[in-house]
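Q: Below are the sequence and a predicted model for it; my questions follow.
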Amino acid sequence: MLGLQVNLSSLLEPLGFIKVLEWIFSIFVFASCGVYKGTTTILVSCKGVVNKTVTAAFAYPFRLNTAVFSAPDPTRCSGTWTDFHLVGNFSSSAQFFVTFAVLVFLYCIAALVLYVGYMHLYRNTGKIPLIVSGLLNMILWGGNVWFVYKETSLHNPSNSTPRSSGIYPPPTGI
């Protein structure tokens, strides 16, 4: 008997409730990162030109090296202005983050369908809980641990002396 038997009470059990939370959080994760847009602004003072602000816009997937501060006036500050770019390309990390969130979203949907509609198979078969709850949760938690590792000082310990490439000054406190 492999038919669908809807049982919403399984969502109140810890495993079902955790899957609902993971599903909701995964929606927020890829939605907030995937649609993020930001700007940074600097005040430019050129000889003979009133102080102007120059803005560089950036968005997902965070290829900051393509965001440019253009000249504040048509004369390009009397010919002394060169376009400046933001530093960094964080597209691979951002795309991996969003891809992982989408995969978690899809996994949670599949797990919720299993818990709600096929709980009788889940409880009567020993292999299904081992594959949804064991292996896939291990992959899910492994991905979460990887993000914690990459986003903390464990991955790149901060040095007391900041390194500079010589082109741009080292970043100061944020």
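A: Thanks, I have it.
Q: Run through the strands of the protein in chain order.
A: 37-44, 52-59, 68-69, 84-85 (DSSP state E).
Q: Reformat these as TSV; add mean pLDDT and distance to Thr75.
A: Any C-beta I mention is one placed from the backbone N, CA and C, and that applies to glycine too. What follows is those, written out as TSV (pLDDT from 0 to 100; distance: least, Cβ to Cβ, whole Å):
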stretch	mean pLDDT	distance to Thr75
strand 37-44	90	13
strand 52-59	90	12
strand 68-69	89	16
strand 84-85	86	17
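Q: Turn those strands into CSV, columns for distance to Phe97 and mean neighbour count.
A: Listed next are those as CSV, based on distance: least, Cβ to Cβ, whole Å; neighbours: other Cβ atoms under 10 Å:
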stretch, distance to Phe97, mean neighbour count
strand 37-44, 16, 12
strand 52-59, 14, 14
strand 68-69, 25, 16
strand 84-85, 23, 14
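Q: Looking at those strands, spot the one closest to Asn137.
A: strand 52-59 (32.6 Å; Cβ to Cβ).
Q: Can you give the strand pairings for that closest one, parallel or anti for each?
A: strand 37-44 (antiparallel) (DSSP bridges).
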